[in-house]
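[1] Sharing a model prediction with you, sequence too.
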Amino acid sequence: MKLTIVRDEFLKGLSIASRAVASKSAIPVLNNLKIELNETGLFITGSNNDLTVQTMVPYNRDGKEIIRNYKEGATLINAKIITEIARRIDSLEITIDVIDSTIAIISDNRSEFKLNCIRAEEYPEVELRGSGTSLVFQNIEFTTLVNQTAFAASQKEQRPILTALNLEAGGGKLVATATDSARMARKTIDIDPGISFVTNIPAKMMVEVVHLAENAPTIELIVSDKKAIFSFGLTTIATRLLSGEYPNTKNIVPKALLYVLEVNAQDTIKAINRASLLSIERENVVNLSMSKNGVEISSKSSQIGSASEKIDVFKYEGGDLEVGFNNEFVLSAIRALGSTDVTIAFVGEMKPFVVRNDLDDSVIQVITPVRMF
């Protein structure tokens, strides 16, 4: 294999595919990127077994030549090293010449690197052509769906299924749900009535797709029994699905809400941030006190002291109520809504409560309160 390629285009491709490469893989060959040049373009593939990312650099883009002086072929090169070389070379173009499938010479007109490489045949077989149910999102629609739900998935591996974003399609609706058992985020969007599936995709993979597909107009999702494949632009991502039964969250949203607080989102975020400065001892727990006469957020520390913050602009319906909660849970929920005003509605002191935007019923957040001492 041999080619001369525009440095910036090559570096972009390496950076995208490298997102799937673990810092140190249990399978040594997966520390490498597979670089293959064929009649279509330069395909760069990275994988960690759970996630595979493949992107393609074309021969030409918008009338500009990207790859020239080429000979088709394939090789495996250490992902970290090749990416750093491409990043640090100070030239418009980079030349790659693979000799006997064992040495890759990477150079410009001043620098030259000789890297040991591996025959491409030793790379695990990767299937990126999906067969299953297909769903095409507009980018902004997909990004909103992920941003309003994925944050509520668990970060802990004790219950792997809770690290997933559950997607359930049917009846013209796609419902995305994430929960870590202490909170839940749910988003519903309209889809083609003929589409039907239920799947559990790792939430962090969904977030990764959002980052990588930032400039793509659309994102296609293909769901099969064992994997999900995302395609956008010249990039394809395949991720394993999480096995197991997702918790039943259909009836978790409380119906009889007896206490309803309406506040400005940014004012509330600032108030919680200030009041929570002294909440370290209680794992970010703050208290919210509400009555017809006022709303106050407070925290206290036996070693440091106490803090309180009054919210001046609010609308409240219900009797006196005091609730403790994890401030990060409520802050994340409010930010995810992305609205000017938010409604926080309660059943009682120790019952799950709702954070919502009254102008958008497609998304709802449910949070479990924390007992106050």
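    Sure, I can see it.
[2] From the centroid of this protein, which residue is nearest?
    In the chain, the C-alpha nearest the mean C-alpha coordinate belongs to V207, at 1.0 Å (C-alpha atoms, centre = their mean).
[3] Find me the pLDDT at the residue in the chain sticking out farthest from the centre, would you?
    In the chain, the greatest distance from the average C-alpha position (C-alpha atoms, centre = their mean) is reached by N293, at 41.2 Å. What the model reports for N293 is a pLDDT of 89.
[4] so where's the chain uncertain?
    With pLDDT under 70 as the threshold, the chain has low-confidence stretches at 279-283, 372-373.
[5] Break down it into its helices, ranges please.
    7-18, 79-88, 139-147, 203-212, 265-275, 327-337 (DSSP state H).
[6] Minimum distance to T95: which of the ones you listed has it?
    Evaluated over the helices of the chain, closeness to T95 peaks at helix 7-18, with 10.3 Å, by C-beta to C-beta. C-betas here are computed from N, CA, C, even on glycine.
[7] The closest one - contacts with which helices or strands?
    When contacts are defined as 3 or more C-beta pairs under 8 Å, 6 or more residues apart in numbering; DSSP states H and E, helix 7-18 sits against strand 32-37, strand 41-47, strand 51-58, helix 79-88, strand 93-99.
[8] In its sheet, which strands sit next to the first one, and in what direction?
    Partners of strand 32-37 in the sheet, by DSSP bridges, are strand 41-47 (antiparallel), strand 73-78 (antiparallel).
[9] Make JSON lines out of the helices of the chain and add distance to I99.
    Conversion of the helices of the chain to JSON lines gives the following (distance: least, C-beta to C-beta, whole Å):
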{"stretch": "helix 7-18", "distance to I99": "19"}
{"stretch": "helix 79-88", "distance to I99": "16"}
{"stretch": "helix 139-147", "distance to I99": "42"}
{"stretch": "helix 203-212", "distance to I99": "33"}
{"stretch": "helix 265-275", "distance to I99": "58"}
{"stretch": "helix 327-337", "distance to I99": "52"}
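[10] buried ones in stretch 38-47?
    Neighbour-count burial for stretch 38-47 flags 41-47 (criterion: 16 or more other C-beta atoms under 10 Å).
[11] likewise stretch 139-151?
    Counting neighbours by 16+ other C-beta under 10 Å, stretch 139-151 gives 139, 141-151 as buried.
[12] tell me the two of the residues you listed that are most distant?
    Going by C-beta to C-beta, the pair spanning the buried residues of stretch 139-151 furthest: N139 and F151, at 18.9 Å.
[13] still on that earlier bit, deepest of the helices and strands packed on helix 7-18, which one?
    strand 32-37 (a mean of 25; mean count of other C-beta atoms under 10 Å).
[14] angle of that strand against helix 79-88?
    The directions of strand 32-37 and helix 79-88 differ by 60 degrees, with axes from the mean of the first three to the mean of the last three C-alpha atoms, to 10 degrees as the criterion.
[15] Restricting to C-alpha, output strand 32-37 in PDB.
    These are the backbone C-alpha positions of strand 32-37, laid out as PDB (Å, rounded to 0.1, in the frame of the first residue of the first chain):
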ATOM      1  CA  ASN A  32      -4.000  -0.900  16.100                       C
ATOM      2  CA  LEU A  33      -6.100   0.900  13.500                       C
ATOM      3  CA  LYS A  34      -6.900  -1.000  10.300                       C
ATOM      4  CA  ILE A  35      -6.000   1.300   7.300                       C
ATOM      5  CA  GLU A  36      -7.200   0.000   4.000                       C
ATOM      6  CA  LEU A  37      -7.100   1.800   0.600                       C
END
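[16] Would you mind getting the angle between it and strand 51-58?
    30 degrees.
[17] now strand 32-37, how far from the chain's geometric center?
    Put simply, strand 32-37 sits 25 Å off its chain's centre (C-alpha atoms, centre = their mean, to the nearest Å).
[18] For it, which outside residues touch it?
    Outside of strand 32-37, the residues that reach it under the criterion C-beta atoms under 8 Å, 6 or more residues apart in numbering are 1, 3, 14, 17-18, 21, 42-46, 67, 70-79, 82, 96, 117-118, 120, 123.
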